[in-house]
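Here is a sequence with its predicted model. Questions after.
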Amino acid sequence: MFERGQLSRLDRDKRDIYALCNALVSVEGDVSGHKIAASVISRYRTLKHKQKIEFFYFLNDHLDLDPERVSELALAYKNDLTPTAFRQLSEASETKRQKFLRRLNQPIGATAEIVAMRVDLLNLLNDHPNLARTDHDFVVMLKSWFNLGFLVLRTIDWDTPARILDKIIAYEAVHEISDLDDLRKRLYPEDRHCFAFFHPSMPDEPLIFVEVALTERIPSSIAELLTEGRTTLEVEKVKTAVFYSISNCQKGLTGISFGNLLIKQVVVELSRQFPQICDFVTLSPIPGLNEWLSHQTDNAELSQIALEILENRAKPEDLRAMAARYLISAKRKDGLPVDPVARFHLTNGAKVHNIHANADLSANGLAQSSGAMVNYRYELSEVEKNHENFAYEYTVAAEKPVYALSKVIPY
């Protein structure tokens, strides 16, 4: 509220939002950029839906590159590799949109406003695909502002301010948290932990968080971790750290990856606190499995088992076999796995460790994957090799039993 009030007090400029945008990227913006940016942000908040579309088209068309100028300067630099020619080409190659966003980010609270602005932009892209040029510049700027050097890892526990705990409940995207009492069971026991990334300009807004269970062994169902009335594990018995829920919190930061950085830092932190941990694994959903199976019903080889799984009539081993086949073999046109969670963990250098039937019997778990879940394992000595093989060859790292299971055809 303080930040919004400050921005409103700075908005004393009577020009319309388009004149203010032009001023912000001009010489005037060099001198009075802070006040002009505050006025733009304050004015943007008053725009209706149709006016926001017009605003983004203004950014798209009027604050774009001058391709002829870029071509002319590129040729000049080719023929004359001087610092002056390079500087001129570099300046011309940056869109005015990027300068606009950089200068817009001057007032206190502006970063959060720009992240919220991108949410509006993302909601328009399906109907206005040409605005992807503008979205590209938002991503370029946000990636530079939200790089690892600015991120702060914080432990979320029962002493964390209530305003942040409320957001953890709201942003949980994998296993719903029903209320504060439910959250307490995930934060308070000494064998349960939660870590989140924050940014200094958005100190009360988690960017991404991970929930961790400390266990004796690698779990095979989410009920083992979230069951009511379980006994807290004594610290000296801890052998395994289980990442069982990772939730991105800010839609406006879509396409800016924090998860791999978060997991790596959490592994370092847990290794420091609990040096006896020998396994770092996930218990992950398989969100695309049933969608993929629905496209196999015309496949002569797989149609029968696909229908049995979709109708909840399949044997557990048959479900595991088809889940293994899906995770290892189902690829997009670009060669990457169809499953988004698989892409995330395999990109980070994890391997498919095991697959479990009847692991998530919630309504969402049954709808997504007929209850199947998967352990991805972070074998620290293999992470870099797995990452490189996946990045260059799209090789899915998996344990030998999982590979064997993926080749089983139930009928």
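That came through fine.

Can you give the strand pairings for whichever strand or helix holds F198, parallel or anti for each?
Following DSSP states H and E, one finds F198 within strand 192-198. Strand 192-198 has its sheet partners listed here by DSSP bridges as strand 152-155 (antiparallel), strand 208-215 (antiparallel).

Please work out the average pLDDT along that strand.
Averaged across strand 192-198, the pLDDT comes to 96.

And it, how far out from the chain middle?
Computed by C-alpha atoms, centre = their mean, to the nearest Å, the chain-centroid distance of strand 192-198 equals 15 Å.

Contacts for it, please.
For strand 192-198, the external contacting residues (C-beta atoms under 8 Å, 6 or more residues apart in numbering) are 151-157, 168, 185-187, 205-214, 258, 261-262, 265-266, 269-270. Where C-beta positions appear, they are placed from N, C-alpha and C, glycine not excepted.

Quick check: which of the strands paired with strand 192-198 is buried the most?
When these are scored by mean count of other C-beta atoms under 10 Å, the highest mean neighbour count falls to strand 208-215 (a mean of 23).

can you give me the offset of it from its chain's centre?
Its chain's C-alpha centre and that of strand 208-215 lie 16 Å apart, by C-alpha atoms, centre = their mean.

neighbouring contacts of it?
Under the contact criterion C-beta under 8 Å, 6+ apart, strand 208-215 has outside partners 156, 168, 171, 175, 186, 191-197, 219, 224-225, 233, 235, 238-249, 258-259, 262-263, 266, 270, 274, 277.

going on from it, what's the next piece of helix or strand?
Once the chain leaves strand 208-215, the next helix or strand it forms, by DSSP H and E, is helix 223-226.

list the helices and strands the next helix-or-strand element following that following helix packs on?
Going down the chain from helix 223-226, the next helix or strand is strand 240-248, by DSSP H and E. Secondary-structure packing of strand 240-248 (3 or more C-beta pairs under 8 Å, 6 or more residues apart in numbering; DSSP states H and E): strand 208-215, helix 259-273, strand 279-282.

Past the helix or strand harbouring S71, which element shows up next along the chain?
S71 is part of helix 67-79, with elements assigned from DSSP H and E. Scanning forward in sequence from helix 67-79 by DSSP H and E, the next helix or strand is helix 83-93.

what does the average pLDDT come to for that following helix?
Per-residue pLDDT over helix 83-93 has a mean of 93.

What residues of it count as buried?
By 16 or more other C-beta atoms under 10 Å, the buried positions in helix 83-93 come out as A85, Q88, L89, A92.

other SSEs contacting the following helix or strand past it?
As assigned by DSSP H and E, the chain's next helix or strand after helix 83-93 is helix 96-104. Counting contacts by 3+ C-beta pairs under 8 Å, 6+ apart, helix 96-104 is packed against helix 17-24, helix 27-44, helix 49-62, helix 110-124, helix 132-145.

What are the contacting residues of helix 96-104?
With C-beta under 8 Å, 6+ apart as the test, helix 96-104 has contacts from 21, 24-25, 29, 33, 36-37, 40-41, 59-60, 62-64, 110, 114, 134, 137-138, 140-141.

try stretch 145-153
With contacts defined as C-beta under 8 Å, 6+ apart, stretch 145-153 is touched by 105, 111, 195-201, 207, 253, 256, 258, 261-262, 265-266, 269.

Low-confidence stretches in this structure?
Applying pLDDT under 70 to the chain flags the ranges 1-11, 410-411.

got the domain boundaries for the protein?
What the record gives for the chain is the domain set 2-145, 149-282, 284-406, from automatic domain parsing.

Quick one: distance of the second one to the chain centre.
Just to be clear, that refers to domain 149-282. The chain centre lies 15 Å from the centre of domain 149-282; the measure is C-alpha atoms, centre = their mean.

For it, measure first residue to last.
With C-alpha to C-alpha, to the nearest Å as the measure, the ends of domain 149-282 fall 26 Å from one another.

Then the shortest one?
The distance separating the two terminal residues of domain 284-406, taken as C-alpha to C-alpha, comes to 18 Å.

The nearest residue to N60 once chain neighbours are set aside and V119, how far apart?
In this structure, N60 finds its nearest non-sequential neighbour in T134, 4.6 Å apart by C-beta to C-beta, 6 or more residues apart in numbering. Using C-beta to C-beta, to the nearest Å, we find T134 at a distance of 14 Å from V119.

just P107 next, same as before
Between P107 and V119 the distance, using C-beta to C-beta, works out to 19 Å.

Look at the two and report which has more neighbours.
Shown here are P107 and V119; by other C-beta atoms under 10 Å, P107 has more neighbours (22 against 13).
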